[in-house]
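coordinates only, sequence not included:
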């Protein structure tokens, strides 16, 4: 009997009517003969309400405080409610169902409260439930530490819960959301965006990391590592209507029609920090970036430039916007030690990326990108590349223009 | 080192400002050298919101459905939130504190979801926390079954949680609420009501059973059985202000100033059912009351009367108002079998009671009661008595009048 984990996000379970819609989708899979586990998020808005309370109760605003085990206890309650309500709704429809909290499954995590990682999911309880013909409704986003404290997986963590459970029980994973699949780019920016029938794990991982909000990055890493078949599809279907095929996230080898570029992603969550008049000698970068790493500030793109006639360099790098203030404090704290002239921060930047496994074997992808942007007068501030993506940092005002230009340049509207 | 369990109800933790006020009260007890556990209810209004969702999700409206394990999972989330927020607030004030859910303590209950009883509270974890100098903030109203499901104790169950924990750790129990103690009667009805410095367990139990809302009946039973010293006092004090002495609930022997009557209680939650023209032969009452018991309908007061010239009797009995419809269905279902003429229900009734351990040794208490009511023209419909209380059922419109008349008749305004 095939096993399926269905995951529903906050907008899909926002009220009782939507929970009933979810129950019908679950019932259809059970009727199709599958053993089903369902992973649910908190009703939309609830997590924000709970987080606001923890802020008010004195949770340290900056970084992770010791109170984070309490933060987790508070915030995990949102998923507990949804799991109970969906299990009740399914029972009321005549199905055998029960809710499972993270500690009941158990979903065992490390001790990093507020951003915990799943260590282990012993599958015995869930498999026993399947054997009884019971639908397992699991609270997403949460687990339990080996010390028995509630831990949460960080925002969007329910995707990771779902993929990890699918890996544990040997099933596939359907992620239901408010869009009907993964698109070549954000349809709110480019109406010609096309839904992809399939996308490789690697591409999906880059898309998620580079700003596409459809799946949490860590859930894709996990799916890729464990080879869990993932599908992204919409829960917003009318009674009796099928949810469609969505987008299948799978191994590259399973994709017949190869594309050079699969999508264009963008993110406005970056801030660019520029250090001017930096002495160009060994150890300078090391000092700066090790201090930032010590403070848990992730640095993304880095570029260093030197005037030909000088031994003075400039350096630019990007950090997450919410880390920008802290990064500037750290940079200014080492100013005397390193001896640069000035540090500035620019939050009016956006990162636009093209992603595709085809880049590995095709030259000319960068040329097309830079050509398309130049033609529209978009100035490139920083560039970073990997085997399957090219990202550029540009003035935020040009984001939509750049996304549309690149979408057209790679023929993504003609898929 | 003395151990104290402090319990705060929903209005005492209704928002973050009130939670901070609670934290200050807790801190004052810690500063006084006590080992402190705190039991909290859900923020007021939250439980109602959660219950409404479970109703909407199809929880059977009548009686206890199989979905009640899910009901418990949903509803218990309210206390989880408060426990986490209070622990954070205490930590933020520099105290060592952590939250404990029912399953973490563990507070082990039976399987009667929605109205579970506590079977056992192994105290090891809490005692270890005390040894570390840690304040234990415990989610009230909830426990865990031996099968590992969340169970709730029924409305007001946090009082019972607190008393049971006090018994388990060998401490006393302070119940903080929105009034500053137990009064001779409801001060909203009789302004001359006086706060009692002490009340015996037995009297408090009758007061709670007979309508005084200050403590949950089961918590008083438990305190009496385990000889847990209980105090009722107000959490609504300004910063720096002491909460006062409240009312001590204790053994009768510890009360120096004996009173004949300690209080007047009332309840408007009763409905009176009258069966007219009942054949007066053995087995009739047995049939009716065994059917009602089978349907979980509690019968309180019963009176049977017979016309001197006839072998036809009338019977009157009271049930809880919310059970009245079901009771009438049951009664009408046995009408043919038993052969009575008619059954009527009257919901416009109130039960007014006088309570006092002094009744055991003093005659004339009933005489005073009936005299005072007669003088005000209050007709008595049904009477029931126990060793330490007399209750009368009257027309609901006379409730306030009767309460005030009895309060004066026993001199309770002159304590």
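That came through fine. In this text the structure is predicted, and so the values were computed from the model without any measurement.

report the secondary structure element holding residue A:391.
strand A:389-395 (DSSP states H and E).

which of the residues in that strand are buried?
A:389-394 (16 or more other CB atoms under 10 Å in any protein chain shown). Backbone N, C-alpha and C define where each C-beta goes, glycine included.

phi, psi for the closest residue to chain B within the stretch 151-300 of chain A please.
Nearest to chain B, among the residues of the stretch 151-300 of chain A, is residue A:152, at 11.4 Å (CB to the nearest CB). The phi and psi values for residue A:152, taken as degrees, to the nearest 10, are phi -110, psi 160.

okay, now the unreliable bits of chain A?
Under the criterion pLDDT under 70, the flagged ranges of chain A are A:59-67, A:239, A:307-309, A:415.

now with 50?
Scanning chain A for pLDDT under 50 picks out the ranges A:61-64.

spatially central residue for it, please.
residue A:216 (2.4 Å; CA atoms, centre = their mean).

still on that earlier bit, what does the strand holding residue A:391 rub up against?
The contact list for strand A:389-395, computed with CB atoms under 8 Å, 6 or more residues apart in numbering or on different chains, reads A:206, A:210, A:270, A:272, A:301, A:318, A:348-356, A:359, A:365-366, A:369, A:373, A:378-385, A:402.

direction included, what does it pair against?
strand A:349-355 (antiparallel), strand A:382-386 (antiparallel) (DSSP bridges).

out of the ones you listed, which one sits most buried?
Using mean count of other CB atoms under 10 Å in any protein chain shown, the stretch among those with the largest mean neighbour count is strand A:349-355, at a mean of 26.

name the surrounding residues that touch it.
Contacts for strand A:349-355 (CB under 8 Å, 6+ apart): A:203, A:206-207, A:210-211, A:261-268, A:270-272, A:300-301, A:318, A:365, A:369, A:381, A:388-396, A:398-399, A:402-403, A:406, A:410.

in strands only, show me those.
If you go by DSSP state E, the contacts of strand A:349-355 have A:263-267, A:270-272, A:300-301, A:318, A:389-395 in strands.

can you give me the helices in the stretch 251-400 of chain A?
Taking DSSP state H, counting those that start in this stretch as the criterion, the stretch 251-400 of chain A carries its helices at A:284-294, A:324-333, A:335-338, A:365-375, A:399-409.

list the buried ones in the second one?
Same thing as helix A:324-333. So, applying 16+ other CB under 10 Å, buried residues of helix A:324-333: A:324, A:326-328, A:330-331.

what do you get for the fourth one?
Buried residues in helix A:365-375, counting neighbours by 16+ other CB under 10 Å, are found at A:365, A:368-369, A:372-373.

hmm, who's touching that helix?
A:260-261, A:354, A:356, A:358-359, A:380, A:385, A:390, A:392, A:394, A:402, A:405-406, A:408-410.

what about burial for those, which qualify?
Among those, those classed as buried by 16+ other CB under 10 Å are A:260-261, A:354, A:356, A:358-359, A:390, A:392, A:394, A:402, A:405-406, A:409-410.

hmm, back to that, and the residue nearest to the centre of chain A, what does it touch?
A:155-157, A:159-160, A:208.

in helices, which of those appear?
A:157, A:159-160, A:208 (DSSP state H).

and for the residue nearest to the centre of chain A, nearest residue in space, chain neighbours not counted?
residue A:156 (3.5 Å; CB to CB, 6 or more residues apart in numbering or on different chains).

can you get me a residue count around the one you found?
By the criterion of other CB atoms under 10 Å in any protein chain shown, residue A:156 has 18 neighbours.

that one and residue B:47, how far apart?
Distance of residue A:156 to residue B:47, given as CB to CB, to the nearest Å: 29 Å.

please apply the same query to residue A:325.
40 Å.

residue contacts, the nearest residue to residue A:151 once chain neighbours are set aside?
Spatial nearest neighbour of residue A:151, excluding adjacent residues (CB to CB, 6+ apart): residue A:116 at 3.9 Å. Contacts for residue A:116 (CB under 8 Å, 6+ apart) come out as A:72, A:109-110, A:143, A:145, A:151-154.

point me to the helix or strand that includes the residue nearest to residue A:40 when sequence neighbours are not counted.
Distances taken as CB to CB, 6+ apart put residue A:82 closest to residue A:40, at 4.4 Å, once the chain neighbours are dropped. In this assignment (DSSP H and E), residue A:82 forms part of helix A:77-92.

what's the spacing between that helix and its chain's center?
25 Å (CA atoms, centre = their mean, to the nearest Å).

same check, this time on stretch A:232-250
Its chain's C-alpha centre lies 20 Å from the corresponding centre of stretch A:232-250 when counted by CA atoms, centre = their mean.

which residues of the stretch 1-150 of chain A lie near chain B?
A:16, A:19, A:50, A:53-54, A:56-59, A:66-67, A:69-74, A:76-78, A:80-81, A:83-89, A:91-93, A:98-99, A:101, A:103-104, A:148-150 (CB under 8 Å from any CB of the partner chain).

buried subset of these?
Among the residues of the stretch 1-150 of chain A next to chain B, those classed as buried by 16+ other CB under 10 Å are A:16, A:19, A:50, A:53-54, A:56-59, A:67, A:69-74, A:76-78, A:80-81, A:83-89, A:91-92, A:98-99, A:101, A:103-104, A:149-150.

re the thing from before, confirm for me that the residue of the stretch 151-300 of chain A closest to chain B is in contact with residue A:112.
No: using CB atoms under 8 Å, residue A:152 makes no contact with residue A:112, being 9.9 Å away.

neighbour count: these two, which is higher?
residue A:152 (28 against 15).

ok, the residue lying closest to residue A:300 once chain neighbours are set aside to residue A:390 distance?
Sequence neighbours aside, residue A:318 is the residue nearest to residue A:300 in space, at 4.6 Å (criterion: CB to CB, 6+ apart). Separation of residue A:318 from residue A:390 (CB to CB): 15 Å.

over to residue A:35?
From residue A:35 across to residue A:390, the span is 42 Å (CB to CB).

next: residue A:326.
To residue A:390, residue A:326 is 29 Å away according to CB to CB.

got it, and residue A:413?
For residue A:413 relative to residue A:390 (CB to CB), the value is 19 Å.

now swap in residue A:226 and tell me
For residue A:226 relative to residue A:390 (CB to CB), the value is 28 Å.

and if you look at residue A:402?
Counting by CB to CB, the gap from residue A:402 to residue A:390 is 12 Å.

same question, residue A:236
In terms of CB to CB, residue A:236 sits 34 Å off from residue A:390.

surely residue A:166 is in a helix?
Yes: membership of residue A:166 in a helix is supported by DSSP: H, G, I helix; E, B strand; the rest coil.

my guess is residue A:114 contacts residue A:150. True?
No: using CB under 8 Å, residue A:114 is not in contact with residue A:150, being 11.0 Å away.

list residues touching both of these two?
Shared contacts of residue A:114 and residue A:150, defined by CB under 8 Å, 6+ apart, are found at residue A:72.

got the contact list for residue A:244?
A:180-181, A:233-234, A:237.

mind checking which of the residues you listed are buried?
Among the contacts of residue A:244, the ones that count as buried by 16+ other CB under 10 Å are A:180-181, A:233, A:237.

not counting sequence-adjacent ones, nearest residue to residue A:380?
Excluding its sequence neighbours, the residue lying closest to residue A:380 (CB to CB, 6+ apart) is residue A:392, at 4.7 Å.

which residues touch the residue nearest to residue A:216?
Residue A:156 makes contact with A:215-216, A:219, according to CB under 8 Å, 6+ apart.

how about CSV for the residues you listed, with secondary structure added?
Putting those into CSV (three-state DSSP) gives the following:
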residue, secondary structure
A:215, coil
A:216, coil
A:219, helix
